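Novice: Got a sequence here, can you build the structure:
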Amino acid sequence: MAAAKWWQLAPAWGVALVMSGLLVWAGRHWPTPLLAQAWAQERPDLAVVLALALVLLPPLGMALWLALQLARHRDSGESIDRAHGER
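Specialist: So this is what the prediction gives:
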């Protein structure tokens, strides 16, 4: 039973590892900070929107994913105590 729960977490962990790897690659590929790059100096409005999206979208996406998981858990009718084998 516990192994099944770990497999349910595997996709989320996989996505987190891929995103982490992409961030490391991007940091090595573009060592200059985003807002200090030439294109960002020419188009500061676009650079600010991109920076805000990079900062805000991942937490909002995680919050949405967690809300969907909670809604799915509530729709199943299974209590948290029963899900963990407690009475």
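Novice: Only C-alpha atoms from now on, for both contacts and neighbour counts.
Specialist: Noted.
Novice: need the helices for this structure, in chain order.
Specialist: 2-29, 38-42, 44-76, 80-83 (DSSP state H).
Novice: For the longest one, give the mean pLDDT please.
Specialist: Think helix 44-76. Regarding helix 44-76, the rounded mean pLDDT is 88.
Novice: how much does it deviate in direction from helix 2-29?
Specialist: 180 degrees (axes from the mean of the first three to the mean of the last three CA atoms, to 10 degrees).
Novice: buried set for helix 44-76?
Specialist: Neighbour counts using 16 or more other CA atoms under 10 Å place residue 47 of helix 44-76 among the buried residues.
Novice: helices and strands around that helix, which ones?
Specialist: Taking 3 or more CA pairs under 8 Å, 6 or more residues apart in numbering; DSSP states H and E as the contact definition, helix 44-76 has no neighbouring helices or strands.
Novice: what's the offset of that helix from the middle of its chain?
Specialist: 7 Å (CA atoms, centre = their mean, to the nearest Å).
Novice: got the domain boundaries for the protein?
Specialist: 1-31, 33-78 (automatic domain parsing).
Novice: which residues sit against stretch 30-43?
Specialist: Residues outside stretch 30-43 that contact it (CA atoms under 8 Å, 6 or more residues apart in numbering) are 44, 46, 47, 48, 51.
Novice: at 10 Å what do you get?
Specialist: The contact list for stretch 30-43 (CA atoms under 10 Å, 6 or more residues apart in numbering) reads 24, 27, 44, 46, 47, 48, 50, 51.
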